[in-house]
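Asker: Quick one, fold the following:
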Amino acid sequence: MTSLRRSLLFSFMERYAGIVIGMVMTVAGARMLTPADFGVFSVGMSVIMLIDVLRDFGAGNYLVQHETLEREAVRSAFTVSCVISGSCAVALCLAAIPFGHFYNEPGVGHVLFVLSAALMLSPFATPSSATLRRQMAFDRLAIINIVTGLGQLGTLVLLASLGLGYMAMAWAGLVAVLLRVLGSNIARPMPWAFRPSLVGWRDMFAFGAWSTASAIVNVIHDTLPQLIIGRVLGMAPVGLLGRAQMVCQLPDKLIGSALFPVVLPALAEHARRGGSLKEPYLLGLSYMAAVHVPAMVCLALLAEPVVLIVLGPQWGEVPTLVRLIAIGFVWYFPACLTYPMLVALGRVRDTLVCSLISIPPSILLIAIAAPHGITAVAATSLVTAPLQVFVAVSYVRRHIGVTWAEIFRAVLPGGVATLGAAAGIVAVMSLLDFRTALSSGEMLVAILAAGFGWMGGLWLGGHPLIGELRGLCGRARRWA
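Answerer: Numbering: from 1, shown residues only. As a prediction, the model looks like this:
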């Protein structure tokens with residue numbers, strides 16, 4: 001097995017274990033906490049996400065893509081990240097009470113107080129975790145993240161059972177950061193990295209400025225709906241929209257989030273060796289079109305039973321939101337490739353340009369839709385997602401010399417697989433008088449039908465994933 005495939009294997013193992021832990025956490029939280037609890041935490045977490053992007057300042061990715069990882073570069077990255085993190089944490093503590101007053105909910109301030117401590121601790125994991133990623137040591141990263149997830153789950157369940165409500169999620173987040181810091185430094189001890197230094201800080205600052213500016217714009221787009229709705233409609237609608245987005249992000253967690261930690265180091269290494277990035281990009285698009293797109297279409301068709309199983313019966317308004325968001329998210333299949341490609345090409349500033357072109361119109365559309373309710377906000381993804389993807393892919397293809405025709409040919413087999421998967425679900429629903437509220441058994445049959453339809457679509461479209469699946473099955477038989 002090649003080093004890349006081994007890294008992908010461990011990355012997927014870790015992500016799937018994390019997804020299982022996250023699902024247990026979601027199921028437990030949805031039954032132990034109220035939509036208002038989720039709303040309070042979501043508003044506080046939205047503020048934290050905005051600050052955390054500035055706090056990180058792209059330090060981890062800078063170390064991953066750096067040509068030669070020298071000690072002074074690591075120390076400078078840690079020092080800059082630490083200074084920014086401390087400043088952000090202090091500012092957040094000072095703003096916590098005013099935020100609570102702004103939303104007429106003191107709990108928002110309480111969440112911010114606890115999570116500001118997590119901001120202070122996070123830089124101490126950056127040198128070790130970035131080095132492990134650079135070395136593609138995803139086996140050790142997998143262990144760290146699984147232990148972190150289990151610790152967060154245990155803390156959430158314990159504190160929620162004691163009646164702490166939204167604070168159970170806040171304290172669980174802090175415990176997760178503590179475990180990640182400890183695990184990273186045990187797996188890759190680098191005590192010398194914590195010695196303050198600013199040698200070469202200009203290079204790190206230049207990279208981090210563009211990377212952070214782009215990330216801030218994107219995080220504003222992701223968090224602004226919760227902040228606006230929390231102010232306009234209250235905390236319960238924020239909780240409903242947040243749970244809908246969480247359900248729609250499940251396919252991305254299954255696929256894209258496992259690929260992303262491997263894609264950037266692999267592409268950066270490929271670029272350092274002088275290789276062309278055109279073929280890896282087209283192959284990546286082909287794979288994502290064959291996996292991400294069918295998953296989102298199937299989620300839109302099975303929204304009601306999925307929400308019932310994951311969240312429970314008290315979240316009856318969520319399936320409609322899930323359908324709208326999932327259809328919009330269909331277009332995000334190139335997303336996990338865009339940032340790594342531009343960084344590997346040395347065009348990190350283009351990530352900001354792409355965001356500045358596509359995100360402001362998206363934010364404006366969300367702001368216009370917010371007073372009309374959460375359904376209108378969810379519907380904006382039908383417009384904003386295609387716009388953002390079109391802009392991002394346009395920049396990537398210009399730098400690597402890919403035509404739209406080549407992109408179309410790469411993703412066409414994935415479209416055939418999508419039709420096959422959707423046909424399987426529709427066939428099952430047709431036998432049930434096109435009823436969308438399926439039982440668990442009926443949903444299982446529909447998923448199996450979608451799987452057979454998907455495999456048939458891959459075969460009919462001649463998708464390269466068929467060869468990978470055959471090889472995987474062969475290795476599994478030999479291992480057995």
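Asker: how far away is Ser440 from Pro127?
Answerer: Distance check for Ser440 against Pro127: by CB to CB, to the nearest Å, it reads 46 Å. Just so you know, the C-beta spots here come from the backbone N, C-alpha and C atoms, and that holds for glycine as well.
Asker: So for these two, which residue has more residues nearby?
Answerer: A side-by-side neighbour count of Ser440 and Pro127, using other CB atoms under 10 Å, places Pro127 first with 27 against 9.
Asker: since we're on the closest residue to the more buried one other than its chain neighbours, how many residues are nearby?
Answerer: In space, and not counting its chain neighbours, Pro127 is closest to Ala193: 3.8 Å by CB to CB, 6 or more residues apart in numbering. Ala193 is surrounded by 22 other residues when neighbours are defined as other CB under 10 Å.
Asker: residues in contact with Ala193?
Answerer: Ala193 makes contact with 71, 74-75, 78, 127-128, according to CB atoms under 8 Å, 6 or more residues apart in numbering.
Asker: per-residue confidence at it?
Answerer: With respect to pLDDT, Ala193 scores 76.
Asker: Now do the SS call for it.
Answerer: Using DSSP: H, G, I helix; E, B strand; the rest coil, the structure places Ala193 in helix.
Asker: okay, now Ala91: neighbour count?
Answerer: The local packing count at Ala91 equals 14, with neighbours defined by other CB under 10 Å.
Asker: and if you look at Gln152?
Answerer: The local packing of Gln152 (other CB under 10 Å) involves 24 other residues.
Asker: Disregarding flanking residues, what is the spatial nearest neighbour of it?
Answerer: For Gln152, the nearest residue in space outside its immediate sequence neighbours is Ala176; the separation is 4.0 Å by CB to CB, 6+ apart.
Asker: give me every residue that touches that neighbour.
Answerer: Ala176 is in contact with 118, 148-149, 151-152, 155, counting by CB under 8 Å, 6+ apart.
Asker: can you put those in CSV and add distance to Val343?
Answerer: What follows is the contacts of Ala176, written out as CSV (distance: CB to CB, whole Å):
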residue, distance to Val343
Ala118, 26
Thr148, 25
Gly149, 27
Gly151, 31
Gln152, 29
Thr155, 34
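Asker: What helices and strands are in contact with the helix or strand containing Arg398?
Answerer: Following DSSP states H and E, one finds Arg398 within helix 381-400. The elements that helix 381-400 packs onto, with contact taken as 3 or more CB pairs under 8 Å, 6 or more residues apart in numbering; DSSP states H and E, are helix 278-301, helix 318-329, helix 335-344, helix 348-369, helix 404-431.
Asker: Any buried residues in that helix, and which?
Answerer: By neighbour count, with 16 or more other CB atoms under 10 Å as the criterion, the buried positions of helix 381-400 are 381, 384-385, 387-389, 391-393, 395-397, 399-400.
Asker: Kindly calculate the angle that it makes with helix 318-329.
Answerer: Comparing the axes of helix 381-400 and helix 318-329 via axes from the mean of the first three to the mean of the last three CA atoms, to 10 degrees yields an angle of 20 degrees.
Asker: quick one: contacts of helix 381-400?
Answerer: 221, 276-278, 281, 324-325, 327-332, 334-335, 337-338, 341-342, 345, 347, 350, 353-354, 357-359, 361-362, 365-366, 402-404, 407.
Asker: so how far is it off the chain centroid?
Answerer: Distance of helix 381-400 from the chain centroid (CA atoms, centre = their mean, to the nearest Å) equals 18 Å.
Asker: Also stretch 101-108?
Answerer: On the basis of CA atoms, centre = their mean, stretch 101-108 is displaced by 27 Å from the centre of the chain it belongs to.
Asker: Likewise for stretch 389-408?
Answerer: On CA atoms, centre = their mean, the centre of stretch 389-408 falls 23 Å from the chain's centre.
Asker: Could you tell me the end-to-end distance of that stretch?
Answerer: From the first residue to the last, stretch 389-408 extends over 14 Å; the measure is CA to CA, to the nearest Å.
Asker: rounded to a whole number, what's the mean pLDDT of it?
Answerer: Throughout stretch 389-408, pLDDT has a mean value of 86.
Asker: cool, stretch 450-467 as well?
Answerer: Averaged across stretch 450-467, pLDDT comes to 85.
Asker: Contacts for that stretch, please.
Answerer: For stretch 450-467, with CB under 8 Å, 6+ apart as the criterion, the contacting residues are 283, 286-287, 290-291, 294, 298, 412-425, 427, 469.
Asker: quick one, phi/psi of Asn104?
Answerer: Backbone torsions for Asn104, taken as degrees, to the nearest 10, come to phi 50, psi 40.
Asker: ok, how many other residues are close to it?
Answerer: Neighbours around Asn104, by other CB under 10 Å: 11.
Asker: And it, how far from Gly39?
Answerer: In this structure, Asn104 and Gly39 are separated by 12 Å, where distance is defined by CB to CB.
Asker: With Val389 instead?
Answerer: In this structure, Val389 and Gly39 are 29 Å apart, going by CB to CB.
Asker: How about Leu337?
Answerer: If you measure Leu337 against Gly39 using CB to CB, the figure is 33 Å.
Asker: More neighbours: the two, which one.
Answerer: The neighbour count for Leu337 versus Gly39, taken as other CB under 10 Å, is higher for Gly39 (29 against 26).
Asker: Surely the more buried one touches Ala236?
Answerer: Yes: taking CB atoms under 8 Å as the contact criterion, Gly39 and Ala236 are neighbours in contact, 5.7 Å apart.
Asker: Quick check: buried residues in the host helix or strand of the residue nearest to Gln152?
Answerer: With elements taken from DSSP H and E, the one containing Ala176 is helix 166-187. Residues 166-185, 187 are the ones in helix 166-187 that count as buried (16+ other CB under 10 Å).
Asker: Kindly report the same for stretch 419-438.
Answerer: 419-425, 428-429, 438.
Asker: how near is Ile144 to Ala379?
Answerer: Ile144 sits at a distance of 39 Å from Ala379 (criterion: CB to CB).
Asker: Then Arg409?
Answerer: In terms of CB to CB, Arg409 sits 32 Å off from Ala379.
Asker: the more surrounded of those two?
Answerer: When neighbours are counted by other CB under 10 Å, Arg409 and Ala379 differ, and Ala379 comes out ahead with 21 against 12.
Asker: what about the residue nearest to that one when sequence neighbours are not counted, how many neighbours?
Answerer: Ranked by CB to CB, 6+ apart and with sequence neighbours excluded, the top spatial neighbour of Ala379 is Leu324, at 5.1 Å. Other residues near Leu324 number 23, with proximity taken as other CB under 10 Å.
Asker: could you list every residue that touches Leu324?
Answerer: 375, 378-379, 381-382.
Asker: If we go by neighbour counts, what in stretch 455-462 is buried?
Answerer: 455-458, 461.
Asker: Flag the shaky bits of the stretch 201-350 of the chain, pLDDT-wise.
Answerer: For the stretch 201-350 of the chain, the stretches flagged by pLDDT under 70 are 201-215, 218, 221, 253-275, 344, 348.
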